[in-house]
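Visitor: my questions concern the predicted model and sequence given below.
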Amino acid sequence: MRTRWLWVALALLLSFWVLFPIYVIALSAFSNRAEISAWPKSFLPEHFSLETIAFFFGVEGVWKATLNSVIVAVMTMVFSIGLGAPAGYALARFGFSGKDAYRLLILLTRAFPIAILALPLTIRFIELGIYDTPLAVALVHTALALPFAILVSYSLFLGIPREFEEAAWTLGCTRIQAFRKVVLPLALPGMAATAIFAFVISWNEVFAAAVLTLQNRTLTAYLLTRLVEAPLYFQFAGGFFLIVPSLIFIFAVRKYLFSMWGIASR
Amino acid sequence: MINERTLPYLLLAPSIAFLLVFFAWPLVEAFVVALTDASGAWSIDNFETMAADIYFQDALVNTLLLVIVVVPLQLALALAMAVLLRQLDAGRDLYLYVWTIPLGISDLAAGIVWLVLLSERGYINTVLAGLGLIEGPELWLSYESPWALFVAVVIAEIWRATAIVLVILVAGMQLIPKEYDEAAEVFGAGRWQRFIKITLPMMKPSIQTALILRTILAFEVFAVVVALGGRDLPVLVSEAYFWQFEYQDSGVASAYAVLILAISMLATFIYLRVLRVREEQLA
């Protein structure tokens, strides 16, 4: 019985280790300038204030960068699902030659650092005239998110019995109708989780966004280039604002986290 | 014609085309850019410039040290968390949810979070002063105390990226049949013995996956380091970034990228050899 309490205590300690830093940055983001440079620090919220957050969004470029981040992330989401879902469906439903080679290709892509993709593409994008656009960043982010989207949709479609579709065919549905009316509704929640994941991969990515943009910065790229000169309270508000979507995301996809990683890590 | 035989290829074609254009091609291109000089002739000038740069050696050493220190600690911590999770009776889902939160946090945000804690007038210093260990605000994150900067990056990386190891390990642990553990218990194996003799060997495939993935990502450590220390603690990716962005020299930046790729591949190869997974262990 004593060890039970020890386990619970350890689990609580680990939860504290994860949550405390998040609590502290939230505390900083919702305090005023004086408190951020105060010494010693107070661990309880004493003067709730929107001053720091308001200042952050008042700085020129922040809204634009946020908007760019959202545009890039939505594009990444659409591209990865649009390209990844059909591939996942093909892998799950058909036996064909070259299947193993294709799966190997997908796994291999995960071994490559983002720097090796982003740097040469910078040069090509300048030539093509799409350097410094959300599209350019979204294309590189899709290269990151696509292998993941393929593997996850593969496992999703595999989980939907083929018999359902076959039954629909015998009842007179065409392949497309059967897919739309039978498979799609069942796959939709998982697909949504995959899409959210692609969104967050893009929202969080720093390196490619930083080398591929100049004027049209995403939020991460914008914050990175402001790190040197910006005052601490500006950085703290930015850091907090970057984290908020992640918290919502992990909450939204928590059910799928393990089925996604279970398959994606094999 | 669209029929049963061509349909799968049609469905795969867009993704293959995309990966060729945005993966295979830039990969080749990176080698070409790294291995040509300004006039377009083949040369190893870029690599020589890279190796001769004052930041190069520090960047290489720091990156390797970070991987060597961070990855084993993360594996140990994630294993402990996964095992602990199995011992708990209630609230398992809630703990798991909390522990995986950092999975969604970007490395830049993680760096800033630890900046809040570790800055001169930050929370850690407040605690240290409260305990009487330091007298007043103390500057840790500076080039004058590189070891403190290194420790800060290690802590921030462990905080941020242990979750991915945990998720892979928990997914792997779920595949182990409960009966094995129960059988060993019937035969009198203790808790520690069961962990060493059953759980750990059964988890070898997921440990291998987690190690490879985490190591590759650890070689790419970037924004955490820049957020905490700027260029005071150079690493390979931050140097690639500075060469591309500050010096506008794609050649040397690509040389860094090629080096990072080479090291990652080498590490993956070593893991695959050392932790060889036999066919029957693949669940």
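Guide: Thanks, I have it.
Visitor: any idea how far A:Arg110 is from B:Trp140?
Guide: As for B:Trp140, its distance to A:Arg110 is 35 Å (criterion: CB to CB, to the nearest Å). The way it works is simple: take the backbone N, C-alpha and C, and place the C-beta from them, glycine included.
Visitor: which one of those two has more residues nearby?
Guide: B:Trp140 (21 against 16; other CB atoms under 10 Å in any protein chain shown).
Visitor: you'd agree the more buried one is up against B:Ala148?
Guide: Yes: with contact defined as CB atoms under 8 Å, B:Trp140 and B:Ala148 form a contacting pair (4.2 Å).
Visitor: downstream of the lengthiest helix in chain B, the next helix or strand is which one?
Guide: Once chain B is assigned using DSSP state H, the helix that runs over the most residues is helix B:56-87. Toward the C-terminus, helix B:56-87 is succeeded by helix B:92-100 as the next helix or strand (DSSP states H and E).
Visitor: so for that next one, what gets flagged as buried?
Guide: Buried residues in helix B:92-100, counted by 16 or more other CB atoms under 10 Å in any protein chain shown: B:Tyr95, B:Leu96, B:Val98, B:Trp99, B:Thr100.
Visitor: what lies in contact with whichever helix or strand comes after that helix?
Guide: Reading on from helix B:92-100 to the C-terminus, the next helix or strand found by DSSP H and E is helix B:107-118. The list of residues contacting helix B:107-118 from outside it, by CB atoms under 8 Å, 6 or more residues apart in numbering or on different chains, reads A:21-22, A:24-25, A:28, A:204, A:206, A:220, A:223-224, A:232, A:235-236, A:238-239, A:242-243, A:246, B:102, B:105, B:122-125, B:140-141, B:152, B:155-157, B:159-160, B:221-228.
Visitor: which of those fall within helices?
Guide: Counting by DSSP H, the part of the contacts of helix B:107-118 found in helices is A:21-22, A:24-25, A:28, A:204, A:220, A:223-224, A:232, A:235-236, A:238-239, A:242-243, A:246, B:123-125, B:152, B:155-157, B:159-160, B:223-228.
Visitor: now the element after the longest helix along chain A, going C-ward?
Guide: In chain A, with assignment by DSSP H, the single longest helix is helix A:62-93. Using DSSP H and E, the next helix or strand after helix A:62-93 towards the C-terminus is helix A:99-109.
Visitor: does chain B have contacts with that following helix?
Guide: Yes: Helix A:99-109 reaches chain B (CB under 8 Å from any CB of the partner chain) through A:Tyr102, A:Leu105, A:Ile106, A:Thr109.
Visitor: any of the residues you listed buried? List them.
Guide: Among the residues of helix A:99-109 next to chain B, the ones that count as buried by 16+ other CB under 10 Å are A:Tyr102, A:Leu105, A:Ile106, A:Thr109.
Visitor: out of those residues, who's nearest B:Tyr180?
Guide: Comparing those against B:Tyr180 with CB to CB places A:Ile106 closest, at 31.8 Å.
Visitor: can you add distance to A:Ile126 and pLDDT and give the buried ones among the residues of helix A:99-109 next to chain B back as a markdown table?
Guide: Listed next are these as a markdown table, based on distance: CB to CB, whole Å; pLDDT from 0 to 100:
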| residue | distance to A:Ile126 | pLDDT |
| --- | --- | --- |
| A:Tyr102 | 32 | 89 |
| A:Leu105 | 28 | 84 |
| A:Ile106 | 29 | 86 |
| A:Thr109 | 24 | 82 |
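Visitor: now A:Phe56: how far from chain B?
Guide: Distance, A:Phe56 to chain B, using CB to the nearest CB, to the nearest Å: 12 Å.
Visitor: restrict the buried residues of helix B:92-100 to contacts with chain A.
Guide: B:Tyr95, B:Leu96, B:Val98, B:Trp99, B:Thr100.
Visitor: wait, isn't the third one in contact with A:Phe16?
Guide: Put plainly, it is B:Val98. No: with contact defined as CB under 8 Å, B:Val98 does not reach A:Phe16; the gap is 9.5 Å.
Visitor: which strands and helices lie in contact with the longest helix of chain B?
Guide: Contacts defined by 3 or more CB pairs under 8 Å, 6 or more residues apart in numbering or on different chains; DSSP states H and E place helix B:56-87 against helix A:2-29, helix B:92-100, helix B:146-173, helix B:204-219, helix B:236-245, helix B:250-274.
Visitor: please repeat the previous calculation with a cut-off of 10 Å.
Guide: Applying 3 or more CB pairs under 10 Å, 6 or more residues apart in numbering or on different chains; DSSP states H and E, one finds that helix B:56-87 contacts helix A:2-29, helix B:45-52, helix B:92-100, helix B:146-173, helix B:204-219, helix B:223-229, helix B:236-245, helix B:250-274.
Visitor: which residues does the nearest residue to A:Ala85 once chain neighbours are set aside contact?
Guide: In space, and not counting its chain neighbours, A:Ala85 is closest to A:Ser153: 4.7 Å by CB to CB, 6 or more residues apart in numbering or on different chains. Residues in contact with A:Ser153 (CB atoms under 10 Å, 6 or more residues apart in numbering or on different chains) are A:80-81, A:84-92, A:187, A:190-191, A:194.
Visitor: most neighbours among those, which one?
Guide: Neighbour tally across the contacts of A:Ser153 (other CB under 10 Å): the maximum, 32 neighbours, falls on A:Ser80.
Visitor: how much space between it and chain B?
Guide: Distance from A:Ser80 to chain B, by CB to the nearest CB: 9 Å.
Visitor: wait, doesn't that residue sit right on A:Ala149?
Guide: Yes: using CB atoms under 10 Å, A:Ser80 makes contact with A:Ala149 at a distance of 4.1 Å.
Visitor: touching both of those two, which residues are there?
Guide: Contact criterion CB under 10 Å, 6+ apart; residues shared by A:Ser80 and A:Ala149: A:Thr142, A:Thr194, A:Ala195, A:Phe197, A:Ala198, A:Ile201, B:Ser15.
Visitor: and the gap between the first one and A:Glu60?
Guide: Spelled out, that is A:Thr142. 30 Å.
Visitor: for the last one, same thing?
Guide: Distance of B:Ser15 to A:Glu60, computed by CB to CB: 40 Å.
Visitor: between those two, which one's more packed in?
Guide: For B:Ser15 versus A:Glu60, the count of surrounding residues by other CB under 10 Å is larger for B:Ser15: 25 against 6.
Visitor: contacting residues around the more buried one?
Guide: B:Ser15 sits next to A:80, A:82-88, A:90, A:102, A:105-106, A:146-147, A:149-150 when contact means CB under 10 Å, 6+ apart.
Visitor: what do you get for A:Ala208?
Guide: Here A:Ala208 is in contact with A:72, A:114-115, A:117-119, A:121-122, A:136-137, A:139-141, A:143-144, A:202, A:218, A:220-221 (CB under 10 Å, 6+ apart).
Visitor: assumed it was part of a helix.
Guide: Yes: under DSSP: H, G, I helix; E, B strand; the rest coil, A:Ala208 sits within a helix.
Visitor: grab the nearest non-local neighbour of it.
Guide: Nearest residue to A:Ala208, sequence neighbours excluded (CB to CB, 6+ apart): A:Ala118, at 4.0 Å.
Visitor: my guess is the one you found contacts A:Val137. True?
Guide: Yes: counting by CB under 10 Å, A:Val137 is a contact partner of A:Ala118 at 9.2 Å.
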